[in-house]
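S.K.: with the sequence up front, the predicted model follows.
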Amino acid sequence: MKPFDVYPLMDITPVKGSGAKLWDKEGTEYLDLYGGHAVISIGHSHPKFVNRIQEQLSDLAFYSNSVQIPIQKALAKKLGVLSGYPSYDLFLCNSGAEANENALKLASFATGRAGVIAFKGAFHGRSSGAVAITDNPNIIAPFNAGHEVYLLPINQLDTVESTLKEKEIAAIIIEGIQGVNGIRVPDAEFLRELSALAKKYGTKLILDEVQSGYGRTGKFFAHQWVEGIKPDLITVAKGMGNGFPIGGVLVHPDIQAKHGLLGTTFGGNHLACAAGLAVLEVIEQENLMDNALQQGEWLIPTLKKTEGIQEVRGKGLMIGIDFYSEAAPIRKTLIQQHHIFTGSSAGKNTIRLLPPLTIERKALHLFLNCLESTIAAKEGATTNLNN
């Protein structure tokens with residue numbers, strides 16, 4: 001038996017990490033500007049993170065949600081304060097896809113409706129309901145068919161309202177910033193009006209902050225850059241556990257569910273909550289949201305002035321870089337020659353930067369120098385081929 005292949009594999013075997021650095025089995029050092037799909041929020045092997053998990057492991061690693069678990073309450077309280085949503089309830093699960101599935105279920109239960117509005121370019125996960133609201137037919141199997149989903153163009157309010165008028169819509173789900181689609185930031189006015197339309201038609205607004213949340217953009221949630229939005233449900237995962245599997249749904253206090261509607265075996269277990277608490281404590285104590293904002297405010301305009309780059313999008317440390325041609329050769333050179341991890345995107349010309357929120361300016365300078373030399377070498381090779 002062998003592991004089931006889920007991605008094309010790079011010929012690299014990381015065995016150790018610290019901060020924004022990784023080392024492979026040969027001892028080669030890498031700069032991690034991708035964080036394993038935006039998961040590494042407070043840096044690899046942060047000592048406070050390691051210590052908290054070890055301490056919890058020595059006491060109790062797991063018991064089911066059929067008993068009192070005080071560390072769940074501590075995590076919910078801390079998350080409520082730091083996120084600005086102290087009155088919301090927190091349902092804990094294991095991943096972003098699970099969070100989105102359960103948010104959809106809550107919205108459907110609360111409204112008595114089945115329809116969902118999602119948006120072109122969206123990515124919400126790979127489980128059945130999450131796949132149905134994701135704009136990627138390549139990951140949909142026949143089993144996933146049958147959901148009442150309307151994939152609409154983003155930033156077009158008239159299309160949203162006409163669908164709300166004509167259909168029985170339980171939920172509108174939108175990413176704070178579209179991640180897989182190449183870091184696409186929804187228009188602020190669109191988000192504001194989307195929130196207003198949801199209230200007007202009795203539809204629940206779900207903000208998927210799985211990739212864009214947990215301080216990545218310089219605010220706790222990306223939607224908080226837009227004033228006047230208070231979603232009914234907010235989904236989180238990835239950076240929530242810094243590598244330990246944990247996800248959650250922040251639930252508006254007006255939404256109530258009978259016992260048994262939601263359930264989970266491993267969600268909110270002792271170790272996961274210890275990891276989640278450590279992440280929040282480090283984000284707060286080390287002012288990582290401020291660091292994300294400051295580094296992004298320097299890096300994004302600098303990238304925009306870099307020759308060979310067509311467009312730069314994003315906020316804080318959630319950045320999409322568009323090139324004039326396919327990005328794969330650039331990513332390949334960055335990893336093979338310069339030992340820098342970056343992320344791919346649904347757009348062939350785009351790479352994503354999603355580094356740990358602890359990243360330092362020195363590391364970003366190194367990346368810029370390597371990127372400039374990579375672009376120059378690529379352009380030089382193209383010129384030689386044309387001559």
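M.R.: Ah, there it is.
S.K.: element containing Val81, please.
M.R.: Assigned by DSSP states H and E, Val81 belongs to helix 70-83.
S.K.: find the least confident helix or strand in this structure, judged by mean pLDDT.
M.R.: helix 361-386 (a mean of 84; mean pLDDT, DSSP states H and E).
S.K.: okay, buried residues for the helix holding Val81 please.
M.R.: Residues of helix 70-83 classed as buried: 71-72, 75-76, 78-80, 82-83 (neighbour count, 16 or more other Cβ atoms under 10 Å). Placement of C-beta: from N, CA and C, glycine included.
S.K.: same question, stretch 125-137
M.R.: Per 16+ other Cβ under 10 Å, stretch 125-137 contains these buried residues: 125-126, 128-135.
S.K.: counting only strands, which of those make the cut?
M.R.: Among the buried residues of stretch 125-137, no residue falls in strands (DSSP state E).
S.K.: so which elements touch the helix holding Val81?
M.R.: Under the contact criterion of 3 or more Cβ pairs under 8 Å, 6 or more residues apart in numbering; DSSP states H and E, helix 70-83 touches strand 89-93, strand 247-251, helix 270-285.
S.K.: closest to Ala61 out of those?
M.R.: Nearest to Ala61 among the helices and strands packed on helix 70-83 is helix 270-285; the distance by Cβ to Cβ comes to 5.3 Å.
S.K.: any idea how many residues pack against Ala222?
M.R.: Burial measure for Ala222: 27 neighbouring residues, criterion other Cβ atoms under 10 Å.
S.K.: same check on Asp322?
M.R.: Neighbours of Asp322 using other Cβ under 10 Å come to 17.
S.K.: list the buried residues in the least confident helix or strand of the chain.
M.R.: 363-364, 367, 370-371, 374-375, 378.
S.K.: what helices or strands is that helix leaning on?
M.R.: For helix 361-386, the packing partners by 3+ Cβ pairs under 8 Å, 6+ apart are strand 29-32, helix 288-304, helix 328-336, strand 340-341.
S.K.: deepest-packed of these, please.
M.R.: strand 340-341 (a mean of 22; mean count of other Cβ atoms under 10 Å).
S.K.: can you give me the helices for the chain?
M.R.: In the chain, the helices defined using DSSP state H lie at 35-38, 47-59, 70-83, 96-111, 128-132, 157-166, 188-200, 270-285, 288-304, 328-336, 361-386.
S.K.: just to revisit the earlier point, kindly reformat the buried residues of stretch 125-137 as JSON lines containing distance to Leu152 and pLDDT.
M.R.: Formatted as JSON lines, the buried residues of stretch 125-137 follow (distance: Cβ to Cβ, whole Å; pLDDT from 0 to 100):
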{"residue": "Gly125", "distance to Leu152": "19", "pLDDT": "96"}
{"residue": "Arg126", "distance to Leu152": "21", "pLDDT": "94"}
{"residue": "Ser128", "distance to Leu152": "21", "pLDDT": "92"}
{"residue": "Gly129", "distance to Leu152": "18", "pLDDT": "94"}
{"residue": "Ala130", "distance to Leu152": "17", "pLDDT": "95"}
{"residue": "Val131", "distance to Leu152": "17", "pLDDT": "95"}
{"residue": "Ala132", "distance to Leu152": "14", "pLDDT": "95"}
{"residue": "Ile133", "distance to Leu152": "11", "pLDDT": "96"}
{"residue": "Thr134", "distance to Leu152": "14", "pLDDT": "96"}
{"residue": "Asp135", "distance to Leu152": "10", "pLDDT": "95"}
